[in-house]
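**Q** Just the structure for this:
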Amino acid sequence: MDLRDIRTCLVVMAHPDDAEFSAGGTVAAWAEAGARVHYVIVTDGSKGSADPGMTPERLAALREAEQRAAAARLGVATVDFLGFPDGEVEANLHLRHAITREIRRRRPDVVVTHDPASLYWDHYINHPDHRAVGQATLDAVFPTARDRLHAPQLLVEGLDPHVVRQVFLGGSQHPDTWIDIEGTFERKLAALREHTSQIHDQAALARRLRERHSALAEGRPMAMAEVFKRISFG
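**A** Have a look, this model is predicted:
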């Protein structure tokens with residue numbers, strides 16, 4: 001599948017800001033090219049604060065607003081929150097069916113999600129919510145969204161089976177796909193700046209990301225890249 005042929009993309013991530021960190025430049029590029037991009041954020045993001053005065057309820061509301069503003073910066077069409085408790089996600093049938101519902105509803109050509117590996121780049125522990133969401137999303141893509149007799153309650157809702165053509169795994173330490181984001185890097189940064197509850201030194205973030213995405217593009221015919229492990233079906 002030629003990436004220029006992508007018409008609909010579903011980005012399934014664990015927390016607000018995960019999509020922007022993993023794929024913000026790619027999302028902006030696809031949306032700019034005419035693809036309809038949908039976000040599904042699995043958790044409420046209610047645990048990501050060291051502020052002793054913060055409550056889970058306030059943080060969840062704040063992070064939802066931040067995520068919607070960030071998505072708008074990238075041209076994302078819709079943002080849906082599944083509302084699972086932050087830090088407590090398990091790759092069980094309940095989550096798999098919830099993600100399957102979104103796949104059948106949005107009918108994407110491409111799904112972007114977390115790599116479910118336990119480690120990123122051999123020395124970073126992958127957040128357990130990332131692992132669970134990545135695994136549940138892969139299980140939703142194949143076989144649950146595809147096969148008619150899985151999740152029969154979705155047929156009652158009028159959601160017919162759907163075949164996803166490709167999955168992009170962000171954060172993989174074994175990438176095989178490089179996306180040129182030189183033209184959309186500033187939009188990625190603008191989107192990340194909306195996550196003010198999480199990012200306190202904007203200048204340092206910009207420097208770090210500029211260095212990282214430049215390094216990821218080394219040896220490639222591009223100046224800056226986001227990288228993925230790509231899985232194709234059919």
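**Q** Please make it C-alpha for all contacts and neighbour counts, starting now.
**A** OK.
**Q** For Arg212, what are phi and psi?
**A** phi -60, psi -50 (degrees, to the nearest 10).
**Q** Next, work out how far apart the closest residue to Thr184 other than its chain neighbours and Ser49 are.
**A** Excluding the flanking residues, the one nearest Thr184 by C-alpha to C-alpha, 6 or more residues apart in numbering is Gly25, at 5.1 Å. Distance, Gly25 to Ser49, by C-alpha to C-alpha, to the nearest Å: 26 Å.
**Q** the more surrounded of these two?
**A** For the pair Gly25 and Ser49, the greater number of neighbours falls to Gly25 (28 against 14), based on other C-alpha atoms under 10 Å.
**Q** name the helices or strands packed onto the helix or strand that contains that one?
**A** Taking DSSP states H and E as the definition, one finds Gly25 inside helix 18-32. Applying 3 or more C-alpha pairs under 8 Å, 6 or more residues apart in numbering; DSSP states H and E, we find helix 18-32 packed against strand 8-13, strand 36-43, helix 56-74, helix 185-193, strand 225-232.
**Q** in the fourth one, what counts as buried?
**A** If I follow you right, that is helix 185-193. Residues of helix 185-193 classed as buried: Phe185, Arg187, Lys188, Leu189, Ala190, Ala191, Leu192, Arg193 (neighbour count, 16 or more other C-alpha atoms under 10 Å).
**Q** TSV please, covering those residues and showing pLDDT and distance to Phe84.
**A** Formatted as TSV, the buried residues of helix 185-193 follow (pLDDT from 0 to 100; distance: C-alpha to C-alpha, whole Å):
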residue	pLDDT	distance to Phe84
Phe185	98	30
Arg187	98	28
Lys188	98	26
Leu189	98	27
Ala190	98	27
Ala191	98	23
Leu192	98	22
Arg193	97	24
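**Q** So which of those is the closest to Ala225?
**A** Ranked by distance to Ala225 (C-alpha to C-alpha), the buried residues of helix 185-193 are led by Phe185 at 9.0 Å.
**Q** Hmm, that closest one is touching Val27, no?
**A** No. Judged on C-alpha atoms under 8 Å, Phe185 makes no contact with Val27 at a distance of 10.6 Å.
**Q** Give me the mean pLDDT for the helix holding Gly25.
**A** The pLDDT scores in helix 18-32 average 98.
**Q** show me what contacts the residue nearest to Thr184?
**A** Contacts for Gly25 (C-alpha atoms under 8 Å, 6 or more residues apart in numbering) come out as Ile181, Thr184, Phe185, Arg187, Lys188, Glu226.
**Q** gap between Ala71 and Arg187?
**A** On the measure of C-alpha to C-alpha, Ala71 and Arg187 end up 10 Å apart.
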